[in-house]
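> got a predicted structure plus its sequence, pasted below:
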Amino acid sequence: MEYLDFNSKNGELYFRLQTGPIKEVGVNGAQIDDLIQFCKNKLEEFQKLAPSGYTLAAMLSLDAALIALALRTSDRTKRGVEGTHES
């Protein structure tokens with residue numbers, strides 16, 4: 001992800017969030033979905049090292065968030081307002 005950079009040596013995460021609708025301003029940052037996916041990937045790494053029901057619950061919650069955002073995008077696309085400020 002171009003606007004999301006994780007330095008595994010020092011654990012720092014750098015990102016720039018998208019500002020403005022892509023259709024209006026172009027891609028200029030990471031999407032919320034990208035950050036959620038990054039967090040889910042990190043939790044998957046933790047789960048492999050030290051399995052936990054709490055970590056699994058967090059991963060499932062992030063999956064639910066990603067599904068909800070995908071459904072939102074699909075709905076907005078069908079209505080022709082995806083990538084705009086229209087609701």
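Received, thanks.

> mind listing the strands for this protein?
Counting by DSSP state E, the chain has strands at residues 4-7, 12-15.

> for those strands, which one ends up most surrounded?
Compared across the strands of the chain, strand 4-7 shows the largest average neighbour count, a mean of 13 (mean count of other Cβ atoms under 10 Å). Placement of C-beta: from N, CA and C, glycine included.

> need the contact partners of it.
12-15, 30, 34-35, 38 (Cβ atoms under 8 Å, 6 or more residues apart in numbering).

> what about 6 Å?
Strand 4-7 has contacts (Cβ atoms under 6 Å, 6 or more residues apart in numbering) with 13-15, 30, 34.

> also stretch 19-28?
The contact list for stretch 19-28, computed with Cβ under 6 Å, 6+ apart, reads 83-85.

> just the terminal-to-terminal distance for it.
7 Å (Cα to Cα, to the nearest Å).

> let me see the mean pLDDT of that stretch.
Taken as a whole, stretch 19-28 has a mean pLDDT of 92.

> report the distance from it to the chain centre.
The chain centre lies 16 Å from the centre of stretch 19-28; the measure is Cα atoms, centre = their mean, to the nearest Å.

> of all the contacts of strand 4-7, which two lie farthest apart?
Tyr14 and Asp34 (12.6 Å; Cβ to Cβ).

> output the strands of the chain as CSV; include the columns distance to Leu71 and mean pLDDT.
Listed next are the strands of the chain as CSV, based on distance: least, Cβ to Cβ, whole Å; pLDDT from 0 to 100:
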stretch, distance to Leu71, mean pLDDT
strand 4-7, 23, 93
strand 12-15, 24, 95
